[in-house]
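all I have is the shape, not the residue letters:
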């Protein structure tokens with residue numbers, strides 16, 4: 001009897017090791033992809049909630065003053081650079097006397113979460129009247145009212161993950177990830 005033929009070496013073969021490693025890599029890829037999807041889903045839901053809060057605050061502002069936030073009668077059609085006006089009217093200086101929320105007893109704060117000092121949602125960038133309201137992807141929320149708006153009242157939206165938006169062309173590829181109040 002040959003001693004080498006009766007004794008089998010215990011352990012894993014190279015093929016078994018490669019199969020195991022391949023399975024682990026595939027599972028890790030699925031977990032990472034699932035986590036990315038969950039993060040994006042959370043950001044989209046956060047943007048929807050924030051837009052809902054902002055839209056309600058805009059409606060409340062109109063009930064108090066008779067017009068929607070924003071200094072100009074008609075906003076830019078692309079809605080850019082309007083989040084600072086929203087911030088100013090909804091938090092910083094709603095009665096437009098220049099005193100800000102801390103020094104004004106008549107001031108009405110429509111969304112307390114817009115406070116730059118105690119901003120739990122992380123949606124304010126900057127301080128004072130220069131502050132901007134940001135979506136979960138750190139892009140400025142877009143806002144327009146007047147004749148350029150698609151909605152009869154106002155349009156409020158996030159340009160989404162890509163940060164790009166072409167509001168005058170609803171079928172544009174950059175609008176696919178936009179989140180609207182419409």
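Happy to help now that I have it. Computed from a predicted structure; not experimentally measured.

C-terminal to the lengthiest helix in the chain, what's the next element?
Across the chain, the longest stretch assigned as helix under DSSP state H is helix 14-65. Next helix or strand after helix 14-65 toward the C-terminus (DSSP states H and E): helix 83-87.

the longest helix of the chain - contacts with which helices or strands?
In terms of contact count using 3 or more Cβ pairs under 8 Å, 6 or more residues apart in numbering; DSSP states H and E, helix 14-65 is assigned the packing partners strand 154-158, strand 179-180. C-beta here means a position set from N, CA and C on the backbone, and glycine is covered the same way.

can I get these in JSON lines including distance to residue 33 and mean neighbour count?
As requested, the helices and strands packed on helix 14-65 are exported to JSON lines (distance: least, Cβ to Cβ, whole Å; neighbours: other Cβ atoms under 10 Å):
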{"stretch": "strand 154-158", "distance to residue 33": "23", "mean neighbour count": "24"}
{"stretch": "strand 179-180", "distance to residue 33": "22", "mean neighbour count": "20"}
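
so which of those strands gets nearest residue 37?
Across the helices and strands packed on helix 14-65, the minimum distance to residue 37, taken as Cβ to Cβ, is reached by strand 179-180, at 16.5 Å.

sheet-wise, list the partners of that closest one with their directions.
In its sheet, strand 179-180 lies beside strand 154-158 (antiparallel), with partners assigned from DSSP bridges.

in stretch 84-96, what's buried?
The neighbour-count criterion (16 or more other Cβ atoms under 10 Å) identifies 84-94 as the buried residues of stretch 84-96.

swap in stretch 175-182?
Going by neighbour count (16+ other Cβ under 10 Å), the buried part of stretch 175-182 is 175, 177-181.

on that earlier part again, for the helices and strands packed on helix 14-65, which has the smallest mean pLDDT value?
Set side by side, the helices and strands packed on helix 14-65 show their lowest mean pLDDT on strand 179-180, which sits at a mean of 84.

what lies in contact with that strand?
With contacts defined as Cβ atoms under 8 Å, 6 or more residues apart in numbering, strand 179-180 is touched by 44, 47-48, 51, 135, 155-158, 160.
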